[in-house]
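below is the sequence, then the predicted model.
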Amino acid sequence: MKHASSSDSYRAIAQDLAAKFAPRAAKWDQERIYCWDNITDLTNAGLMGMSLPTRYGGQGASWLDTVIVVEELAKACTLTARIVVEANMGGISAIMAYGTEAQKEFVAPYVLAGDKPAICISEPDAGSAATQMTTTAQRVDGGYVLNGTKHWITGGGVSKLHLVFARVLDEAGEEQGIGGFILCQDPDNGMDHTGFTVVSRERTMGLCGMPETTLAFKDVFIKDAHVLRPPSGFKRGFADLMNAYNSQRVGAGTIAMGVAAGALEHAKRYLLEREQFGRPLAEFQGLQWMLADMDTSVHASRLMLHEAAQSRGPNGSSFPDIAMAARAKLFASEAAIKVVNDALQMFGARGYGSEEPLERMYRDVRMFTIGGGTAQILRTQVAGSILGIRTPQTRGGY
Ligand SMILES: CC(C)(COP(=O)(O)OP(=O)(O)OC[C@H]1O[C@@H](n2cnc3c(N)ncnc32)[C@H](O)[C@@H]1OP(=O)(O)O)[C@@H](O)C(=O)NCCC(=O)NCCSC(=O)CCS(=O)O
Ligand SMILES: Cc1cc2nc3c(=O)[nH]c(=O)nc-3n(C[C@H](O)[C@H](O)[C@H](O)COP(=O)(O)OP(=O)(O)OC[C@H]3O[C@@H](n4cnc5c(N)ncnc54)[C@H](O)[C@@H]3O)c2cc1C
């Protein structure tokens, strides 16, 4: 496989693939099936795990190159773009940054072969309040035992690798903090975790080819070798794991921006093509100004996302800065929902039907102010950074 060597060549590879993926996108949505055909293409092109260091078989691509790829894919197929995000950012990025050599050598081949790791943080009673998770990892001889329930887990049932966030308890049941646990469900290779089940799948509004699932852990044993020990220890484990998660926030914001950029291209095409009152729609100033606002929003989102992708977190961290990631995802996700809505409006009834991709894009883009930290939570994080104060949300927090 020939690897890309610059942002432009990454963009070109992604554009070629996007042209192939666009006609398939409606199928995954309508049939609610995972895009395995696209995974083969992504794997062959080296985009699954493109950000992994070369010594583990990746290409050592930067976050900027990764988001350039994600934008191009998202213009054509939101589902595929999400897969590329999770195959480079979030869970896998935490393992590549904090894991042992053996862990990195274990997980990298999975991703390079097409596995999209699942990140398991949210629980029925701990969504925005993620630090209130109740899934536990109890110390036992040779490892830890997981108990609890995670929900809205993207890729449950299709992902082999899972990074499970859990509250760590020592042998005596004393709490140690939050850690990450690598669960690889791969029965064909002798890895079948007793007690781990995909309980159910949500019927989602958009991104219908992606399973959003509830996962149950009942006395699931994770051996010591698969415990992801955050560099600051379990006590500050959540902070370290979320530091890595900032990369996925930039990725998620980029998917939203890419969908908006795609919708903008469709809108431009239609304004030039469709006539009413004996003139192309493009001649009506009411629509021209809408188009200009849409273009401005996409452009501003892209700048913020690229800035975040190139930023660095605390102490020379290889992950994006927390506030820049939060600001970029917040802005891009809200802007994208409006841009896609306005694009659909420009198509009139045609946009509301399934002949055009706008109605699918509108349903797909809606999730990005919810998943990955809601717009409200991200505002709180941005405000905390501006003010330079902690912003606890519990009643007793201050
Ligand atoms: C962080 C929150 C869960 C709020 O909880 P708390 O008020 O209890 O926590 P804090 O005191 O704010 O934070 C604890 C600790 O962690 C550090 N921290 C928090 N967030 C980050 C971050 N993004 N990057 C780096 N460090 C972080 C914080 O500084 C504290 O450290 P110190 O004690 O100061 O050392 C809540 O704000 C929150 O983020 N909720 C959203 C949860 C979330 O994003 N879930 C995503 C699930 S995965 C998903 O949705 C995938 C969808 S997608 O397609 O990507
Ligand atoms: C499509 C999709 C995919 C997802 N994928 C994953 C995944 O792979 N892994 C994973 O772990 N999770 C995943 N999630 C879950 C996601 O992270 C949570 O939905 C999100 O963190 C919000 O939690 P919640 O849904 O429980 O909402 P809640 O936290 O109950 O919030 C409800 C509302 O209250 C607001 N709110 C809550 N607290 C505050 C506050 N302090 N101040 C102001 N407003 C507040 C929220 O902004 C929101 O509007 C996914 C969600 C979706 C929709």
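Nice, I can see it. Keep in mind that this is a model prediction, so the values were computed, not measured. Ligands and ions are numbered 1, 2, ... in the order given.

doesn't Ser354 fall inside a strand?
No - under DSSP: H, G, I helix; E, B strand; the rest coil, Ser354 falls outside any strand and is assigned coil.

so who does whichever residue of the stretch 1-150 of the chain sits closest to ligand 2 touch?
Proximity of the stretch 1-150 of the chain to ligand 2 (Cβ to the nearest ligand atom) peaks at Gly127, 1.8 Å away. Placement of C-beta: from N, CA and C, glycine included. With contact taken as Cβ atoms under 8 Å, 6 or more residues apart in numbering, Gly127 is in contact with Trp152.

tell me the pLDDT of it.
Per-residue pLDDT puts Gly127 at 98.

can you check His3 too?
Confidence score, pLDDT, at His3: 67.

residue numbering should commence at 8 henceforth.
In the new numbering, first residue 8, that becomes His10.

could you list the low-pLDDT ranges of the protein?
Scanning the chain for pLDDT under 70 picks out 8-10.

and the gap between the residue sitting furthest away from the middle of it and Glu178?
Each residue of the chain has a distance to the centre, and by Cα atoms, centre = their mean the biggest one is for Gly285: 44.7 Å. Gly285 sits 81 Å away from Glu178, taking Cβ to Cβ, to the nearest Å as the criterion.

now do Lys230
Taking Cβ to Cβ, one finds Lys230 at 16 Å from Glu178.

and Gln283, by the same measure?
74 Å.

and what of Thr221?
29 Å.

who's more crowded, those two?
Ranked by neighbour count (other Cβ atoms under 10 Å), Thr221 and Glu178 place Thr221 first, with 18 against 9.

wait, a helix at the more buried one?
No - counting by three-state DSSP, Thr221 falls outside a helix, being strand.

what sits against it?
Taking Cβ under 8 Å, 6+ apart as the definition, contacts of Thr221 comprise Thr156, Lys157, His158, Trp159, Ile160, Gly163, Val205, Val206, Ser207.

helices of the stretch 158-307 of the chain, residue ranges please.
Ranges of helices in the stretch 158-307 of the chain, per DSSP state H, counting those that start in this stretch, are 244-280, 292-317.

near ligand 1, which residues of the protein are found?
When proximity is defined as Cβ under 6 Å from any ligand atom, the chain approaches ligand 1 at 89, 126, 128-129, 135, 137-138, 161, 243, 245-246, 249-250, 252-253, 255, 259, 329, 378-380, 384, 388, 399-400.

could you measure the closest residue to Ser58 other than its chain neighbours against Leu59, distance?
Closest residue to Ser58 in three dimensions, ignoring its sequence neighbours and counting by Cβ to Cβ, 6 or more residues apart in numbering: Asn95, at 4.1 Å. Distance of Asn95 to Leu59, computed by Cβ to Cβ: 8 Å.

and for Lys157?
Counting by Cβ to Cβ, the gap from Lys157 to Leu59 is 25 Å.

quick one: Leu86 is in a strand?
No - judged by three-state DSSP, Leu86 forms no part of a strand; its state is helix.

pretty sure it is in contact with Leu214, am I right?
Yes - counting by Cβ atoms under 8 Å, Leu86 does reach Leu214; the two are 5.7 Å apart.

which residues do the two both contact?
Asp36, Asp371.

ok, now which ones touch Gly187?
With Cβ under 8 Å, 6+ apart, Gly187 has these contacts: Ala101, Ile102, Tyr105, Leu170, Val171, Phe172, Val234, Leu235, Pro237, Gly244, Leu248.

go with 6 Å
Leu170, Leu235, Leu248 (Cβ atoms under 6 Å, 6 or more residues apart in numbering).

check Phe375 too.
Here Phe375 is in contact with Ala259, Ala263, Ser340 (Cβ under 6 Å, 6+ apart).

over to Tyr63?
Tyr63 neighbours (Cβ under 6 Å, 6+ apart): Lys111, Ala115.

cool, and Gly213?
Contacts of Gly213 (Cβ under 6 Å, 6+ apart): Arg370, Asp371, Arg373.

in helices, which of these appear?
Arg370, Asp371 (DSSP state H).

just the contacts of Gly213 now: which is nearest ligand 1?
For these, the nearest to ligand 1 is Asp371 (11.3 Å; Cβ to the nearest ligand atom).

okay if I get the contacts of Gly187 as JSON lines plus neighbour count and distance to Ala350?
Shown next, in JSON lines, are the contacts of Gly187 (neighbours: other Cβ atoms under 10 Å; distance: Cβ to Cβ, whole Å):
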{"residue": "Leu170", "neighbour count": "26", "distance to Ala350": "35"}
{"residue": "Leu235", "neighbour count": "25", "distance to Ala350": "41"}
{"residue": "Leu248", "neighbour count": "24", "distance to Ala350": "36"}
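
closest to ligand 1 out of the residues you listed?
Of the contacts of Gly187, the one sitting nearest to ligand 1 (Cβ to the nearest ligand atom) turns out to be Leu248, at 8.4 Å.

check contacts around Leu312.
Val74, Val257, Gly260, Thr261, Ala335, Ala339.

wait, is the last one part of a strand?
When you say that, I think you mean Ala339. No - with three-state DSSP as the criterion, Ala339 is assigned helix and is not in a strand.

what's the neighbour count on it?
So Ala339, with other Cβ under 10 Å, has 32 neighbours.
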